[in-house]
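Chemist: this is a predicted model, with the sequence first.
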Amino acid sequence: MEKILRPSLLCCIVFLLISNFHGSVHLAEAGKRRIEITDDLDDVEDNEEDESWKTWGNKASTPDFDPPPDFSNMGFDQIQEEMAKRTFAPVVGFVKLRLGVKRTKDMVVDIAMKWTKVLRTGGLGVRFMAVDRSTVMFNLQNGKEVTELREFVLSQEEAYEVKIGKQEFRRPGDPPLDDVVDKLRANKQSKDDKDGDGNSNKDEL
């Protein structure tokens, strides 16, 4: 019985050794083999790209036409505001600062820079520039954002009126700018008259 088992066991051992040697040879050959990638990739289809990667770098498509609302029940100001929302062209306008406040040209420049930084941080492409001690001009790249710009400006303490084209926007209850100018002139004239009366009385004494 032992004589029968020994040759069988010996055969198994030899078979295992041959199998291991043969596998090692295949691994060695696979390690030496170089993988070459052809430059011709026209027929290669890459399905791993997502939609955002495929559209990256492409120009934004023009939005679909948004038909205007029914203007029959709107006033003139409402109609202009609705049309402004649908304007993609740049918009240029002016901001009149509160009158009767003493300020230098540098102070106005600081106001313009502050507003520009705040709105650009919020994503609006706008630039404010100082014109004089009571006027700031702005250039808005996308006219569709004019309502947001106007609301921001009128929320600022320094601003009194926003003028875009022939439209003038103020806080509710604020009188027109011309009325404010006339009132300031009248007050100044009254003060000058009082000062003149005082000086004449001193001269008489």
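Modeler: Perfect, I can see it now.

Chemist: where exactly do the strands run in the chain?
Modeler: 91-97, 126-132, 135-140, 159-164, 167-170 (DSSP state E).

Chemist: can I get these in JSON lines including mean neighbour count?
Modeler: The way it works is simple: take the backbone N, C-alpha and C, and place the C-beta from them, glycine included. Shown next, in JSON lines, are the strands of the chain (neighbours: other C-beta atoms under 10 Å):
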{"stretch": "strand 91-97", "mean neighbour count": "19"}
{"stretch": "strand 126-132", "mean neighbour count": "17"}
{"stretch": "strand 135-140", "mean neighbour count": "19"}
{"stretch": "strand 159-164", "mean neighbour count": "20"}
{"stretch": "strand 167-170", "mean neighbour count": "17"}
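
Chemist: tabulate the ones you listed (CSV), appending distance to D179 and mean pLDDT.
Modeler: As requested, these are exported to CSV (distance: least, C-beta to C-beta, whole Å; pLDDT from 0 to 100):
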stretch, distance to D179, mean pLDDT
strand 91-97, 13, 94
strand 126-132, 20, 95
strand 135-140, 18, 95
strand 159-164, 11, 93
strand 167-170, 11, 91
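
Chemist: nearest to R120 among these would be which one?
Modeler: Proximity to R120 (C-beta to C-beta) singles out strand 126-132 among those, at 7.0 Å.

Chemist: got the angle between that closest one and strand 135-140?
Modeler: 160 degrees (axes from the mean of the first three to the mean of the last three C-alpha atoms, to 10 degrees).

Chemist: who's in contact with stretch 158-177?
Modeler: 77, 80, 84, 91, 93-99, 101, 111, 146, 150, 153-154, 180 (C-beta atoms under 8 Å, 6 or more residues apart in numbering).

Chemist: before we move on, back to that, of the strands of the chain, which is nearest W115?
Modeler: It is, among the strands of the chain and with distance given as C-beta to C-beta, strand 126-132, at 4.8 Å.
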